[in-house]
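> compute the structure for the input listed below.
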Amino acid sequence: MTSHVLATPRVERWRFSETLLILAVWGLVAAFLMVQYLPVLIANGPTDPTSQLRLVEVREVMAGQAWSNLHQIRIPEADGVFSQGSGLVDFPIAALIRVGNAFASPQTAELFAITAWPLMLFLVLLLAITSVTRRIVGPDAQFSAVAFVIFAAPATTLFLPGHIADDNAAITLFAVLLALGVRIEQGEVIGVLAGVAAACLLAVSIDTLPLVAMTTTGFALTWAFAPKGSRAGLNGFGLFFATGMITQRGFSAAPSEWLATTCTIASAPYVVAAAITGFGLSAIARINPTSVSLRLGAVAIIGVAAAAGMVLVNPQCLGAPSTEFNTPALPVWLDASGSSQSLAQLAEKAPWQLLALYFAPFVALIPTSWAFAMSARTERAGWGLTLILLMTSLVVAMWQTRGAAAASLLIVPALAYAVSEVRNWAARRSRLAMTLALALVYTVPNQALNAIVATTLERLFPVNQRGSVPEPAVTGSVRSDDKEPFDLSSLRGTLDH
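Below is the predicted model of the structure:
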């Protein structure tokens, strides 16, 4: 486990070498991905529907459309559609395009932006998850953590060049929130940053609400059982989570839409719930009741009040947000990504893929639970938060497979911990025992290898589907520029530059 010692020159040199390792690994991965995917990207542009529409929205913003205007007229369904995307993602992509315009043609600048953006996010994700591992496992686990992040297939596939949808920004923000969350007892500044990260995460993807809710619950429980170290952090988190949600709503929507109750973006129902939760947690952290039972009771009251506030504003928001996004484009997006399938639907259509998505996260529950039970008090809150979020992401993944991306990141500390424990166990045995044990840990729950095995099994033992899903009929068009029409039925194809 982590030994919290004062920084020494030796420790600083170790941390510097860790950073260099992460940068070197990221550089190699980025180079490999660019060699593999840039030719297709140059020829066709983004090939997934959500990235295509994101690029259209970025072009609109750069052409003068207000950031708060989420009305997308390029999809001519009546007067267009209300986009569920977040303008927070538009700005950095637009900024990269403007940087590219300084030294290249507009087409090359766009190519630079849509290539650099996902790779930059992947670097942040790599740094965040290895930071989590360093905190709750120890510095010796960094090397294995880097390897497990690289092979966390459901998550890392979101960072391919050209993929500029919301999901990679969301999973990166979640990793940052987790890195801050395992340090919530380190003071108010950490809590403030975590509150801002949580508000931005919901603004980017409201589908992450279960993860944000359980992270908040983890913070509150940490304070309830150990208020001395986490009180300041909870106070900072609560204040800035609430004000962050209010602020993002003010800037991301026109004044006439501030009170809109749509469930597909971080609108009024979620702002009300966040305000009750954030200001409530800040208040009880300041009051700081003297007993555990009183603190738990206060947390429970705030949770019930937040849920009641959301129900009063729009009870539909307690369900699946995407069900309210009523547009013919929705079947295309969901069909293209497959992220809306449940475990049961996936088991019927592609049962071998259950191995790729679910095997490693379920296996990781074992070392995560063991680490939580055996960890020292200074790491127990971090392991508890990781365990809660891993279980939550698995429940979400069984409902919709999109939850598998978060689960694939949460297994990294657990597997790095398993490597550390196996090394300690095998150190008292033969070198062969250590080699075999480490090989099992690195390969059996390896999601990239599991995906390869699942694909191979699909080819060797194809499963006949009991019925087929008809291709959704989609009408309308999207114009990718001011001249060429773009048919929604071909959103799986290319975006005309």
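> use CA for all of it now, contacts and neighbours both
Fine.
> the host helix or strand of residue 198 - contacts with which helices or strands?
Assigning secondary structure by DSSP states H and E places residue 198 in helix 188-204. Contacts defined by 3 or more CA pairs under 8 Å, 6 or more residues apart in numbering; DSSP states H and E place helix 188-204 against helix 87-101, helix 166-181, helix 209-225, helix 227-252.
> now with 7 Å, please.
helix 166-181, helix 227-252 (3 or more CA pairs under 7 Å, 6 or more residues apart in numbering; DSSP states H and E).
> could I get those as TSV with distance to residue 394 and mean neighbour count?
Formatted as TSV, these follow (distance: least, CA to CA, whole Å; neighbours: other CA atoms under 10 Å):
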stretch	distance to residue 394	mean neighbour count
helix 166-181	15	24
helix 227-252	25	23
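> who wins for proximity to residue 100 among those helices?
helix 166-181 (20.7 Å; CA to CA).
> since we're on residue 440, how many residues are nearby?
Neighbour count of residue 440, defined by other CA atoms under 10 Å: 13.
> distance of it from residue 140?
19 Å (CA to CA, to the nearest Å).
> what number of residues lie near residue 43?
12.
> low-confidence stretches in this structure?
The chain contains residues with pLDDT under 70 at 1-16, 67-86, 319-339, 464-497.
> for it, which helix is longest?
helix 9-44 (DSSP state H).
> pull the next helix-or-strand element following that one out as PDB, backbone CA atoms only.
Counting by DSSP H and E, the element after helix 9-44 in chain order, helix or strand, is helix 49-62. C-alpha atoms of helix 49-62 as PDB (Å, rounded to 0.1, in the frame of the first residue of the first chain):
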ATOM      1  CA  PRO A  49     -22.300   9.600 -36.900                       C
ATOM      2  CA  THR A  50     -21.700  11.400 -33.600                       C
ATOM      3  CA  SER A  51     -18.300  12.700 -34.600                       C
ATOM      4  CA  GLN A  52     -19.700  13.800 -37.900                       C
ATOM      5  CA  LEU A  53     -22.400  15.800 -36.300                       C
ATOM      6  CA  ARG A  54     -19.900  17.200 -33.700                       C
ATOM      7  CA  LEU A  55     -17.700  18.500 -36.600                       C
ATOM      8  CA  VAL A  56     -20.800  20.100 -38.100                       C
ATOM      9  CA  GLU A  57     -21.500  21.800 -34.800                       C
ATOM     10  CA  VAL A  58     -17.900  23.000 -34.400                       C
ATOM     11  CA  ARG A  59     -18.100  24.500 -37.900                       C
ATOM     12  CA  GLU A  60     -21.300  26.300 -36.900                       C
ATOM     13  CA  VAL A  61     -19.700  27.800 -33.800                       C
ATOM     14  CA  MET A  62     -16.700  28.900 -35.800                       C
END
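> what's the distance between helix 49-62 and the middle of its chain?
Relative to its chain's centre, helix 49-62 lies at 20 Å (CA atoms, centre = their mean, to the nearest Å).
> residues of it that come out buried?
Using 16 or more other CA atoms under 10 Å as the test for burial, helix 49-62 gives 49-62.
> could I get the CA-only coordinates of the helix holding residue 198 as CSV?
What follows is helix 188-204 as a C-alpha-only set of coordinates in CSV (Å, rounded to 0.1, in the frame of the first residue of the first chain):
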residue,chain,number,x,y,z
GLU,A,188,-10.6,22.0,0.2
VAL,A,189,-8.7,22.7,-3.0
ILE,A,190,-9.1,19.0,-4.1
GLY,A,191,-12.8,19.2,-3.2
VAL,A,192,-13.2,22.4,-5.3
LEU,A,193,-11.5,20.8,-8.3
ALA,A,194,-13.6,17.6,-7.9
GLY,A,195,-16.8,19.7,-7.8
VAL,A,196,-15.9,21.5,-11.0
ALA,A,197,-15.0,18.2,-12.7
ALA,A,198,-18.3,16.6,-11.7
ALA,A,199,-20.3,19.6,-13.0
CYS,A,200,-18.3,19.6,-16.3
LEU,A,201,-18.9,15.8,-16.6
LEU,A,202,-22.6,16.1,-16.3
ALA,A,203,-22.6,19.0,-18.7
VAL,A,204,-20.7,16.9,-21.3
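> helix 209-225 and that one, what's the angle between them?
160 degrees (axes from the mean of the first three to the mean of the last three CA atoms, to 10 degrees).
> name the helix or strand for residue 435, please.
helix 431-443.
> give me phi/psi at residue 187?
Note on residue 187: backbone dihedrals following degrees, to the nearest 10 are phi 130, psi 180.
> same thing with residue 430?
Dihedral angles for residue 430 - degrees, to the nearest 10 - are phi -70, psi 160.
> now residue 47
Residue 47 adopts backbone torsions of phi -110, psi -10, taken as degrees, to the nearest 10.
> from residue 38, how far out is it?
Residue 47 sits at a distance of 12 Å from residue 38 (criterion: CA to CA).
> export the helices and strands packed on helix 188-204 as TSV, with columns for distance to residue 413.
What follows is the helices and strands packed on helix 188-204, written out as TSV (distance: least, CA to CA, whole Å):
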stretch	distance to residue 413
helix 166-181	11
helix 227-252	22
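> minimum distance to residue 304: which of those has it?
Across the helices and strands packed on helix 188-204, closest to residue 304 is helix 227-252 (CA to CA), at 16.2 Å.
> circling back: off-centre distance for the helix holding residue 198?
13 Å.
> list the buried residues for that helix?
188-204.
> in the stretch 351-497 of the chain, which spans are strands?
With DSSP state E, counting those that start in this stretch as the criterion, the stretch 351-497 of the chain has strands at 477-479, 485-487.
> now, which of the buried residues of helix 49-62 sits nearest residue 120?
Closest to residue 120, out of all of the buried residues of helix 49-62 and judged by CA to CA, is residue 51, at 16.2 Å.
> residue contacts, that closest one?
By CA atoms under 7 Å, 6 or more residues apart in numbering, the contact set of residue 51 is 163, 164, 165.
> now distance to residue 248 and neighbour count too, for those, in a markdown table please.
Listed next are these as a markdown table, based on distance: CA to CA, whole Å; neighbours: other CA atoms under 10 Å:
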| residue | distance to residue 248 | neighbour count |
| --- | --- | --- |
| 163 | 24 | 27 |
| 164 | 21 | 28 |
| 165 | 19 | 25 |
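> of those residues, closest to residue 147?
residue 163 (22.3 Å).
> which stretch of helix or strand covers that closest one?
Here residue 163 is assigned to no helix or strand, by DSSP H and E.
> any idea how far it lies from residue 38?
12 Å.
> cool, and residue 462?
Distance from residue 462 to residue 38, by CA to CA: 32 Å.
> out of those two, which sits in the more crowded spot?
The residue with more neighbours, out of residue 462 and residue 38, is residue 38; 18 against 13, by other CA under 10 Å.
> residues in contact with that one?
Per CA under 7 Å, 6+ apart, neighbours of residue 38: none.
> same question for residue 121.
Here residue 121 is in contact with 169, 172 (CA under 7 Å, 6+ apart).
> tell me the angle the helix or strand containing it makes with helix 166-181.
Assigned by DSSP H and E, residue 121 falls within helix 106-136. Here helix 106-136 runs at an angle of 30 degrees relative to helix 166-181 (the same axes, to 10 degrees).
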